[in-house]
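In: I'd like to go over a predicted model; first the sequence, then the structure.
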Amino acid sequence: MLKPGGCYVIYTRFRKQNARSIWGQLFPDFAEKETRLYNPEDFQRLETEFPDLALESLNELSFEKPFPRDRLLQTMRQRKYSTFSFYGEAEFWRAYATFRLRLESWSDSSYLVEIGRIVFRCR
């Protein structure tokens, strides 16, 4: 239970951010398979559904991250993102092969990482 005046902070990737991510752009069906994410509007509606919560801020944060191809491939092979669990074994490895090919044509030295930050305050 959050006490009056208390603060609840959520960091999450929004659906549209997921689609724009390097994974959403290059890994086949990544954005479509990830159905657990929300849009900013979903958090804005919470204020009306839970009158004890006041939406204090909703921001989209972003930063550049270096682009080491071998590290990204290692992240995939280790299935570090839970979204990879939505792929069957054969489907995952086919998608991995496609991602690897697409990765070779990526010309930037970095990629954009985006995340949402939502702050609620208890009234």
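Out: Good, I have the coordinates.
In: what does the helix or strand of the chain with the lowest mean pLDDT contact?
Out: When the helices and strands of the chain are scored by mean pLDDT, DSSP states H and E, helix 69-77 comes last with a mean of 89. In this structure, residues lying in contact with helix 69-77 by CB atoms under 8 Å, 6 or more residues apart in numbering are 22, 27, 81, 84, 96, 99, 100, 103, 104, 106. Any C-beta I mention is one placed from the backbone N, CA and C, and that applies to glycine too.
In: and residue 6, how many neighbours?
Out: 11 (other CB atoms under 10 Å).
In: what residues are up against it?
Out: With contact set as CB under 8 Å, 6+ apart, residue 6 has these partners: 121, 122.
In: distance between stretch 20-38 and the chain's centre?
Out: 8 Å (CA atoms, centre = their mean, to the nearest Å).
In: Could you do stretch 56-67 as well?
Out: Using CA atoms, centre = their mean, we find the averaged C-alpha position of stretch 56-67 to lie 11 Å away from the chain's own average C-alpha position.
In: And for stretch 34-42?
Out: With CA atoms, centre = their mean as the basis, stretch 34-42 stands 10 Å off its chain's centre.
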